[in-house]
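1. I would like to see how this sequence folds:
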Amino acid sequence: MLQEGHKDHQGHQPPEPLPVHPAIIQKASNSHSGPDMSVIVGEGRFIVQRVTRSITYYYTSRTPGGDTPAPSPPTISPTSSHLDAPFPSPSYSLSTPLLPDLPSHHDVSSVLTHSTLDVPTLSPSSPSSSPRPLLLLFPWLGARLGAMAKYRDLYLERGLDILSVESTVWHFLWPRWGLEYGAEVLEVLGDPRFKGRPLLVHTFSIGGYTFTQLLSQMVREPHKYPGLAQRVVGHVYDSMVVGSLEHMAKGLGLTLFPHIEPLVRYTALLYFWLLKSQTVYYYDKSIQVFYNSPVTAPALFFFCENDALCDPVAMEAVLDFWRKRGVAVETRKWKESVHAAHLRCHPEEYLSTLETFFHSLNIAPLRAKM
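-> Just a heads-up that it's a prediction; the model follows:
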């Protein structure tokens, strides 16, 4: 459960450029958090909005004051997004390549639009419409924009809006900052744009740790987040870091400085030992929270036996514990794969498993709006 970073005085990662094509036509002021950008992804149009320094919102254009898609430009197909449509096979032309570290903007056309026309005003209690589902996406440490774009496209093309929550290594190395960040994300979910909406969760590596920090805050102050756990209708864990402190330390080395991984690992273990009450104590608490997660919606786990950051025996113990609690758990395990790169290594199996899992969730409001 780890990942990267460079912090400011509050321990948060500085904002990165928004993932849009360099061909920017003009800028539009935004009363919320800076300029919004309209991005053509596949055959659909989506707006990109920076919510905080490390949280980005991707959503489809809608008419003001409602949850109905706005009229589409001629290049957009009204049927381009559908949960019932199969996930693309490896030959399907997404807006990004499958290789995770290549740039994703070579065929993404972007223009800027005035946010006053595009920021949705959601009405979760409206009897005439159901709230639009929201995906919480937790990338791995140091994930490049091009790498995450292929996952982003999969969901945007199926009508889900996305809240991408980035993590830094400081959220892990100093767990109190991770808990503060978890509280920050929960506050964002209380925004009128997101409040009351059904939630799907997809985490990668350290993203699983960050999501657990949200769960920890929900358990510590349940009165502040009533009903939030029940809004999660499904959660996906790709390459969770599970096992001993040795696995965590090794993960830090492989993620941050792979050429000197042994040195980073030993340094991290020394750090954990010297500051046990500020690190290990919190890690143990987080593990207990995850085992007894307040979210009991169906879950899907992707992992492999040769992952140096995950002990498959410990992983199976987590799955068995959840099943005994009554959680519906699905898995896709490979004998050999690459940490946080299962889609690249096993695209057909990954996509078919994800497709089957989301079909099983039977998200009526999402299906009705496709």
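
2. Going by C-alpha atoms from here, please, whenever you check contacts or count neighbours.
-> Noted.

3. Buried residues in stretch 313-325, which are they?
-> Within stretch 313-325, the residues that count as buried by 16 or more other Cα atoms under 10 Å are 315, 318-319, 322.

4. Can you show me the CA trace of stretch 162-175 as CSV?
-> C-alpha atoms of stretch 162-175 as CSV (Å, rounded to 0.1, in the frame of the first residue of the first chain):
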residue,chain,number,x,y,z
ILE,A,162,-14.5,10.3,-12.4
LEU,A,163,-12.9,11.8,-9.4
SER,A,164,-9.2,11.0,-9.7
VAL,A,165,-7.4,11.1,-6.3
GLU,A,166,-3.6,11.2,-6.5
SER,A,167,-1.4,10.0,-3.7
THR,A,168,2.1,11.0,-2.6
VAL,A,169,4.8,9.1,-0.7
TRP,A,170,4.4,11.4,2.2
HIS,A,171,0.8,10.2,2.7
PHE,A,172,2.3,6.8,3.4
LEU,A,173,5.6,7.7,5.2
TRP,A,174,3.8,10.0,7.7
PRO,A,175,0.3,8.4,8.2
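
5. For that stretch, what does the pLDDT average out to?
-> Per-residue pLDDT values over stretch 162-175 give a mean of 95.

6. For that stretch, buried residues please.
-> 162-173, 175.

7. Stretch 259-277 now?
-> In stretch 259-277, counting by 16+ other Cα under 10 Å, buried: 261, 264-265, 268-269, 272.

8. Next step: those restricted to helices.
-> Within the buried residues of stretch 259-277, residues falling in helices by DSSP state H are 261, 264-265, 268-269, 272.

9. one step back: which members of the buried residues of stretch 162-175 are positioned in strands?
-> 162-165 (DSSP state E).

10. Out of the residues you listed, which is nearest to E349?
-> Looking at those and their distance to E349, the nearest is I162, at 23.4 Å (Cα to Cα).

11. can you tell me which residues contact the closest one?
-> 57-59, 134-137, 152, 155-156 (Cα atoms under 8 Å, 6 or more residues apart in numbering).

12. Need the residues that contact stretch 235-248.
-> Contacts of stretch 235-248 (Cα under 8 Å, 6+ apart): 1-2, 200-206, 208, 251, 265, 269, 297-304, 308-312, 314-315, 339-340.

13. what separates Q217 from K150, distance-wise?
-> 30 Å (Cα to Cα, to the nearest Å).

14. what does L351 give?
-> Taking Cα to Cα, one finds L351 at 12 Å from K150.

15. cool, Y237 as well?
-> 17 Å.

16. got it, and F211?
-> For F211 relative to K150 (Cα to Cα), the value is 21 Å.

17. Which of those two has more residues huddled nearby?
-> Legend: neighbour count by other Cα atoms under 10 Å for F211 and K150, higher for F211 (25 against 20).

18. so the more buried one, which of the three states?
-> In the three-state summary, F211 is assigned as helix, counting by DSSP: H, G, I helix; E, B strand; the rest coil.

19. and L141, how many neighbours?
-> 23.

20. give me the element it is part of.
-> Assigned by DSSP states H and E, L141 belongs to no helix or strand.

21. In the stretch 51-200 of the chain, mark out all the strands, start to finish.
-> 55-60, 110-111, 134-138, 161-165, 199-204 (DSSP state E, counting those that start in this stretch).

22. To V233, which of those lies closest?
-> Nearest to V233, of the strands of the stretch 51-200 of the chain and by Cα to Cα, is strand 199-204 at 5.9 Å.

23. Parallel or antiparallel, list what pairs with that closest one.
-> Applying DSSP bridges, strand 199-204 is found paired with strand 134-138 (parallel), strand 232-238 (parallel).

24. Please list the residues outside that strand that contact it.
-> 133-140, 211, 231-240, 340.

25. low-confidence ranges in the stretch 251-370 of the chain?
-> Applying pLDDT under 70 to the stretch 251-370 of the chain flags the ranges 364-370.

26. what's near enough to touch P312?
-> P312 touches 242, 304-305, counting by Cα under 8 Å, 6+ apart.
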